[in-house]
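Visitor: build me a structure from this.
(one chain, ligands or ions: 1)
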Amino acid sequence: MNSYDLQGVDVTIHQVKKKYDKREVLKGLDLQIKEGEFVAIVGKSGFGKSTLLRLVAGLENMNDGSIKLDGTPLDGLNKQARMMFQDGRLLPWKRVMDNVCLGLPSNAKNRAMQAITQVGLKERIYDYPSKLSGGQKQRVALARALVHDPSLLLLDEPLGALDALTRLEMQRLIESLWLERKFTSILVTHDVEEAVAISDRVILIEDGKVTLNQPIHLPRPRQRTNPAFSMYVEEILARIMNRKSKKNYSMLVNTETESLFDPVNN
Ligand SMILES: Nc1ncnc2c1ncn2[C@@H]1O[C@H](COP(=O)(O)OP(=O)(O)OP(=O)(O)O)[C@@H](O)[C@H]1O
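Guide: Okay, the predicted model is just below:
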């Protein structure tokens, strides 16, 4: 078995509540994610998207509810998960190779090299982060996550600070690595196009709950020029902004688990 024969993990989030002081950010949130699925979470700023990721990572405790991984309740740090953040969080005093090797046994250099090669940075292993572009730093952060062969990749707006072209390249890279390795992915993003381009399902969080659960029925790689692609983006954006889409493709719904529309099957 090579190191990529690992599987993703089922994630079941049930009635999760999270308070900061007296403020309830998550108010009984339910979400089920299948093994190997790629889910994107969108929603207005401050609605608890990052909070949910931190709870799934086991970095914080919830006040109520449960998170199960393949049916086993999460208790403490989620060892099956790796997280990637907007700022990469590389150690500036360590070279690329050493950043990726962090936390690995000393005989794992080959694995690190493999991960660095996969993200296209083989030539840069001896560089310090200060010598890298924003996109290259995020490639290192991705390699550092993947070298642990996670069953679950948690992406907290990892491409938010990148220019548009680098962002597209990184989306393709993340998608291709996911297709190859089959880990479960949860991506928090403000960019609805990114969510539609890369995920199997777009989830909207509002007022501490899931208010939209929209599967994306488009073949991969997704073509932004496909009219159905724009339809998804427009409908989801309209839903986030609480207004009807101008083209009125479908009825808006309010139920927690219903999707807006299905441009392929409708
Ligand atoms: N450690 C904390 N202590 C107190 N309040 C917090 C803490 N972390 C988050 N919050 C609050 O919880 C709410 C949700 O924050 P969170 O970062 O999860 O939102 P978000 O949807 O990811 O926002 P954004 O899209 O702007 O990143 C915010 O009002 C935030 O101020």
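Visitor: which single residue of the stretch 51-200 of the chain ends up nearest the ligand?
Guide: Nearest to the ligand in the stretch 51-200 of the chain, going by CB to the nearest ligand atom, is T51, at a distance of 3.3 Å. Every residue, glycine included, has its C-beta placed from N, CA and C.
Visitor: now the helix or strand where that residue lies: average pLDDT?
Guide: T51 belongs to helix 49-57 when assigned by DSSP states H and E. Averaged over helix 49-57, pLDDT sits at 97.
Visitor: mind listing residues that contact it?
Guide: Identification of contacts with helix 49-57 by CB atoms under 8 Å, 6 or more residues apart in numbering yields 11, 13, 16, 18, 25-26, 29, 41-43, 60-62, 67, 74, 77-78, 81, 83, 152, 154, 156-157, 186, 188, 205.
Visitor: also near the ligand: which of the residues you listed, exactly?
Guide: V25, G43 (CB under 6 Å from any ligand atom).
Visitor: and the contacts of helix 49-57, which are buried?
Guide: Buried members of the contacts of helix 49-57, counted by 16 or more other CB atoms under 10 Å: 11, 13, 16, 18, 25-26, 29, 41-43, 62, 67, 74, 78, 81, 83, 152, 154, 156-157, 186, 188, 205.
Visitor: please flag which of the residues you listed sit within strands.
Guide: Among those, DSSP state E puts 11, 13, 16, 18, 25-26, 29, 41-42, 67, 81, 83, 152, 154, 156, 186, 188, 205 in strands.
Visitor: what does stretch 163-178 contact?
Guide: If you take CB under 8 Å, 6+ apart as the criterion, stretch 163-178 is touched by 38, 118-120, 133-135, 138-139, 142, 146, 153, 155, 158-159, 162, 185, 191, 194, 197-198, 220-221.
Visitor: still on that earlier bit, can you get me a residue count around the residue of the stretch 51-200 of the chain closest to the ligand?
Guide: Using other CB atoms under 10 Å, T51 has 22 neighbouring residues.
Visitor: and the protein, which residues reach the ligand?
Guide: The chain has residues Y20, V25, G43, S45, G46, F47, G48, K49, S50, T51 near the ligand, with proximity defined as CB under 6 Å from any ligand atom.
Visitor: any quick PyMOL command for the buried ones out of the residues you listed?
Guide: In PyMOL, this line selects whichever of the residues of the chain next to the ligand come out buried by 16+ other CB under 10 Å:
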select buried, resi 25+43+47+48+49+50+51
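Visitor: mind putting the residues of the chain next to the ligand into JSON lines with distance to N99?
Guide: As requested, the residues of the chain next to the ligand are exported to JSON lines (distance: CB to CB, whole Å):
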{"residue": "Y20", "distance to N99": "31"}
{"residue": "V25", "distance to N99": "32"}
{"residue": "G43", "distance to N99": "31"}
{"residue": "S45", "distance to N99": "29"}
{"residue": "G46", "distance to N99": "31"}
{"residue": "F47", "distance to N99": "32"}
{"residue": "G48", "distance to N99": "30"}
{"residue": "K49", "distance to N99": "26"}
{"residue": "S50", "distance to N99": "23"}
{"residue": "T51", "distance to N99": "27"}
